[in-house]
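Chemist: got a sequence here, can you build the structure:
(2 chains)
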Amino acid sequence: MAIFNRLPNLKQIAPVYAICVIVIYSWTIVWFFWTVPAWLFYLNIWEILLIYAYLVATNFLESLLVICAPIGLSFILPSRWFRDTFVARGTSLVVLGLGYFMFLADQFQNRDDYPSILLKLWSVALASGLILLLVFIVGKTSFIKKAVEFIAEQATVFLFISIPISLISLVVVLPRLI
Amino acid sequence: MSKISRRDFLKLTSALSGALALSKLPSNLSLLKSGESPSRPNILIFVFDAMSAKNLSLYGYKRNTTPNFERFAKRATVYNAHYSAGSFTPPGTASLLTGLYPWTHRAINDAGLIARNLIDRNIFRLVGDQYHRLAFSQNLWPNYFFAQFQKDIDEILPAGSFSQVDYVFGEKFNKDLLTTQRAFDDFLFSQGSPPKSLVFSLIERISLHRTLAHTNQGGYPNGLPTLNNYPIYFRLPDVFDGLMSTIENLKPASLAYLHLWPPHDPYNPSKQFYRTFDDGWSPIEKPVHPLGDHWSPKSMYNFRRAYDEYIASLDYEFGRLLDFLESKGVFETSYVVITSDHGEILERGERGHVSPLLYEEGIQVPLMISSPGQKSRQDIYSPTISVDIAPTLAHLAGNTIPDWREGELLPLLGGQELSERSIFTLYALRDSAFEKLTKISIAMRKGDHKMIFYRGYYPDGDKFELYDLPNDPEELNDLYSNNSSIAKALQEELLAKLEAVNAPYKS
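Modeler: Residues are numbered from 1 along each chain as shown, chains lettered A, B, ... in the order given. Next up is the predicted model:
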């Protein structure tokens, strides 16, 4: 069907998704390992693993949500703008977008003290515009494009770990919630 | 006519007093649905977090912080030397809920849990399933215990009930409360550091930020009352209105455990009480403690002023609750318990309660219990402790007093004054719940004396302090170095106790 022709194929999506997974899961797992020593004071190993299952399940949902952004752009934009260079532009969009999220997150050292300017509409629009410009440049610059594609392809190996762990986590978590 | 023996006379008088007490239970009880008769008294427990007895005019504090609590005291038994067994929320509340000392229940850390093999030991089970058992805590850490006791509680109200802003997420998953609270509220959406996940946590934080920007904070010059570690913001009148509505809808007979955040830090008094205690008064100056935070006298003055004003704000709302309870006849049908999980230190350069300093401000808490139909005040001066509350509740509910209890029945509620018993308060935040206690401070009260013991805080080993409380209520004159026989006896008893409670654990 023509409508599906506008979407990237699985081989294109996998490297971009792998980058999503690496960034999203790593951010949480770094904080997790930062917290585990304190938890070991009063939680046993099974309780900690159960919490970890919730975190992975959350990260899994987040990664699915984030991968929708490049897929959505690919669907909306003309093929030669995005779909034909999906791995390079999708990866750069994901990396830059999540990088911007990291920057925003890092400003929240505590709940009462946040630079509100970063949440103004013009501020978000400016950052988004800058990210899209960089994504466009990545697709146009052959050397960067190839480097990004190479890194993304290599990253797919992490899917062999993350997807089974995520599925196990869902199997653990869902029956406990429903 | 045969002669009545002394034993028979005592039996007769106790039977008569029991009959008299029962006759005081009114026949038309507002907490009961029409047609039902009262078989057991309701039990309402109000816990005000971090409320030091030392800052309440009820207990002789210079500032008039608690006129309405004093009004309540006129119909209650007032315990004048009541202690919490823990100096911050998890150990203090767990001791109250289980009747066990922190070295037994092991909820000794921030956000800690009760030992998994002891979760059947709790007040909800002790009163039994003939009671409708309701639990509510604005502080999330007691909610962890509620999750552990879930099968013994009929109704758990969310921490954010009656709040203006509630961004607590984990408790929405009732089926796996313990883990979801931990995973979401204590980790992914925890507030003290950057968001722990890049999408949902960040969205939550931004959304909270925007919500707060659009929330009316009027009436509270320091900002809306809030928890210092979770995103719940509330107005005191709303919370008390919510409590009244909850109490009005209770089924007979009910046990309601209602744990409120105020007057816990941050101290956000209402406009009515803001700066009402800016009177230049400070209590007697005490030397800065080497283990304290070394706050300046000016800061200490401001902390104390704000804390007292927050207590006065709370007291004002408590007055409304008191009027409500009186108008609904609740006092005729119910035991009403007022207490706290721990105190608040505002002396010796230290501020707060998560501290190894176990002076009276930090560990002496209010305890008042109004019995059904009680019309006059009674005072108890012998030391009591929070682990006494659970067995007393079992007794008041007409159930068996558990043999595993570590406290005693409270005087005038089935127990006797035991002025020479030893009671303990423990601080072991930096220790593992699964191992021996090695970095701790313990306060032991026995008779007139109080010993404070520190292990793991000083490079030259254990340190002891000893005070004669009736003659030195401000704990300024350390008698330990006098080498008295009392110091020696207390030290031996305290160390023997520590060795005994550590025995089951590995190093």
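Chemist: looks to me like residue A:56 is in a helix.
Modeler: Yes. Under DSSP: H, G, I helix; E, B strand; the rest coil, residue A:56 falls within a helix.
Chemist: excluding residues flanking it in the chain, which one is nearest it?
Modeler: Nearest non-adjacent residue to residue A:56, counting by CB to CB, 6 or more residues apart in numbering or on different chains: residue A:169, 4.0 Å away. Every C-beta, even on glycine, is put in place using the N, C-alpha and C of the backbone.
Chemist: my read: the one you found touches residue A:49, true?
Modeler: No. In this structure, residue A:169 is not within contact of residue A:49 by CB atoms under 8 Å, at 9.8 Å.
Chemist: so residue A:19 is in which element?
Modeler: Using DSSP states H and E, residue A:19 sits in helix A:10-39.
Chemist: residues touching the residue most central in space within chain A, list them.
Modeler: What sits nearest the mean C-alpha location of chain A, by CA atoms, centre = their mean, is residue A:20, with 3.0 Å. Residues near residue A:20 by CB atoms under 8 Å, 6 or more residues apart in numbering or on different chains: A:63, A:66, A:67, A:94, A:98.
Chemist: let's see 6 Å
Modeler: The neighbours of residue A:20, taking CB atoms under 6 Å, 6 or more residues apart in numbering or on different chains as the test, are A:63, A:66, A:67, A:94.
Chemist: against which helices or strands is the lengthiest helix in chain B packed?
Modeler: In chain B, with assignment by DSSP state H, the single longest helix is helix B:297-327. Packing contacts for helix B:297-327, counted by 3 or more CB pairs under 6 Å, 6 or more residues apart in numbering or on different chains; DSSP states H and E, involve helix B:67-73, helix B:236-248.
Chemist: so where is chain A shaky, pLDDT-wise?
Modeler: Flagging of chain A using pLDDT under 70 yields the residue ranges A:1-3, A:110-113.
Chemist: residue A:143 and residue A:152: what is the separation?
Modeler: 15 Å (CB to CB, to the nearest Å).
Chemist: try residue A:25
Modeler: Per CB to CB, residue A:25 is found 16 Å from residue A:152.
Chemist: and what of residue B:411?
Modeler: Distance from residue B:411 to residue A:152, by CB to CB: 73 Å.
Chemist: around chain B, which positions in chain A sit nearby?
Modeler: A:24, A:27-28, A:31, A:41-42, A:50-51, A:54, A:58, A:62, A:98, A:101, A:105-106, A:108, A:111, A:114, A:176-177 (CB under 6 Å from any CB of the partner chain).
Chemist: ok, the nearest residue to residue B:491 once chain neighbours are set aside - contacts?
Modeler: Excluding the flanking residues, the one nearest residue B:491 by CB to CB, 6+ apart is residue B:464, at 5.9 Å. Residues in contact with residue B:464, defined by CB under 6 Å, 6+ apart, are B:453, B:480, B:491.
Chemist: got the residues of the stretch 301-450 of chain B near chain A?
Modeler: Contact residues (CB under 6 Å from any CB) of the stretch 301-450 of chain B with chain A: B:432, B:433.
Chemist: kindly provide the distance from the closest residue in space to residue A:117 that isn't next to it in sequence to residue B:421.
Modeler: Nearest residue to residue A:117 in three dimensions, chain neighbours excluded: residue A:123, at 5.8 Å (CB to CB, 6+ apart). Using CB to CB, we find residue A:123 at a distance of 64 Å from residue B:421.
Chemist: which stretch of helix or strand covers residue 129?
Modeler: If you meant another chain, say so; for now it's chain A. Using DSSP H and E, residue A:129 falls within helix A:121-140.
Chemist: ah, I was thinking of chain B
Modeler: Applying DSSP H and E, one finds residue B:129 in no helix or strand.
Chemist: out of the helices and strands packed on helix B:297-327, which is closest to residue B:106?
Modeler: Nearest to residue B:106, of all the helices and strands packed on helix B:297-327, is helix B:236-248, at 30.8 Å by CB to CB.
Chemist: what's the helix or strand that comes right after the closest one in contact with?
Modeler: Using DSSP H and E, the helix or strand that follows helix B:236-248 in sequence is strand B:254-260. The contact list for strand B:254-260 (CB under 6 Å, 6+ apart) reads B:42-48, B:127, B:131-138, B:142, B:243.
Chemist: the more surrounded of residue B:411 and residue A:152?
Modeler: Using other CB atoms under 10 Å in any protein chain shown, the more surrounded residue of residue B:411 and residue A:152 is residue A:152, with 24 against 20.
Chemist: circling back: buried residues in the helix holding residue A:19?
Modeler: For helix A:10-39, a neighbour-count test (16 or more other CB atoms under 10 Å in any protein chain shown) marks A:12-25, A:27-28, A:31-32, A:35, A:39 as buried.
Chemist: in helices, which of the contacts of strand B:254-260 fall?
Modeler: Per DSSP H, the subset of the contacts of strand B:254-260 in helices is B:127, B:142, B:243.
Chemist: nearest to chain A, of the residues you listed?
Modeler: In terms of CB to the nearest CB, no member of the ones in helices among the contacts of strand B:254-260 lies closer to chain A than residue B:142, at 15.0 Å.
Chemist: quick one: contacts for the closest one?
Modeler: Contacts of residue B:142 (CB under 6 Å, 6+ apart): B:93, B:259.
Chemist: quick one: it from residue B:424, how far?
Modeler: For residue B:142, the distance to residue B:424 - CB to CB - is 21 Å.
Chemist: quick one, helices of chain B?
Modeler: Ranges of helices in chain B, per DSSP H, are B:6-23, B:67-73, B:89-98, B:102-105, B:123-127, B:140-148, B:177-180, B:200-213, B:236-248, B:297-327, B:330-333, B:360-363, B:389-396, B:485-502.
Chemist: and the fourth one, anywhere near chain A?
Modeler: No. Among the residues of helix B:102-105, none lie within reach of chain A under CB under 6 Å from any CB; the closest is 11.4 Å away.
Chemist: which other helices and strands does that helix contact?
Modeler: Judged by 3+ CB pairs under 6 Å, 6+ apart, the packing partners of helix B:102-105 are helix B:89-98.
Chemist: what angle do the helix it packs on and strand B:254-260 make?
Modeler: Angle, helix B:89-98 to strand B:254-260, by axes from the mean of the first three to the mean of the last three CA atoms, to 10 degrees: 170 degrees.
Chemist: kindly export stretch A:170-178 (C-alpha atoms) in CSV.
Modeler: Output in CSV follows, covering the C-alpha atoms of stretch A:170-178 (Å, rounded to 0.1, in the frame of the first residue of the first chain):
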residue,chain,number,x,y,z
LEU,A,170,6.9,-6.8,30.9
VAL,A,171,6.0,-10.4,31.7
VAL,A,172,7.0,-9.7,35.3
VAL,A,173,5.3,-6.3,35.6
LEU,A,174,2.0,-6.6,33.8
PRO,A,175,0.5,-9.5,35.8
ARG,A,176,1.3,-7.5,39.0
LEU,A,177,-0.6,-4.5,37.7
ILE,A,178,-3.6,-6.1,36.0
